[in-house]
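In: Give the three-dimensional model of this entry:
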Amino acid sequence: MNTVSKEAKPLPSLIIWNLEESKDNETAKRHAHDLQLVESVIRNLIPEEVSGVHITKVIRLGKWVGGETQPRRILKLVLGSFEERDILLKSALKTRASNIRIRLDWPLEDRIKWKNTLTELRTPKITLPLRVFG
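Out: Model prediction:
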């Protein structure tokens, strides 16, 4: 029997958070707004000697609930190459003043481990001292 293993190939992607999200109800308008924001951030990040980067995908992660109470969802940015990703990552410290954060995207297994660890740390543990009477 022939079995084919489909292992996920790593993508040249980054995670960006604290980017303002459009409050528009139309998905296309929100996506266009995200593209404009990403282009603006990238323009400020790339060194002068780099002519540009190729953006393959811009994806907001999480569910959009709309309205004024919508929390800012993180944004996944897939680039054309790992070299472009590394250039942006090296320049990511330039965004510190604007409170925008950029980091590597993690594989699914690592994201699950991170989420489980955070949940475990946030769960209060009650430990009662044992007293021996005798």
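In: quick one, strands of the protein?
Out: 13-17, 55-60, 75-79, 101-104 (DSSP state E).
In: Contacts for the last one, please.
Out: Going back to what we said before, that points to strand 101-104. Applying C-beta atoms under 8 Å, 6 or more residues apart in numbering, the contact partners of strand 101-104 are Ser13, Leu14, Ile15, Ile16, Trp17, Asn18, Arg85, Leu88, Leu89, Ala92, Thr95. Where you see a C-beta, it was placed from the backbone N, CA and C, and this is true even at glycine.
In: Can you list the strands that it pairs with?
Out: strand 13-17 (antiparallel) (DSSP bridges).
In: Pull the number of nearby residues for Ile15.
Out: Look at Ile15: counted by other C-beta atoms under 10 Å, it has 16 neighbours.
In: What residues are bridge-paired with it?
Out: Lys76, Arg103.
In: picking up where we left off before, using CSV, lay out the strands of the chain together with distance to Lys125.
Out: Output for the strands of the chain, formatted as CSV (distance: least, C-beta to C-beta, whole Å):
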stretch, distance to Lys125
strand 13-17, 29
strand 55-60, 34
strand 75-79, 33
strand 101-104, 29
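In: Deepest-packed of those, please.
Out: The highest mean neighbour count among these, using mean count of other C-beta atoms under 10 Å, belongs to strand 75-79: a mean of 20.
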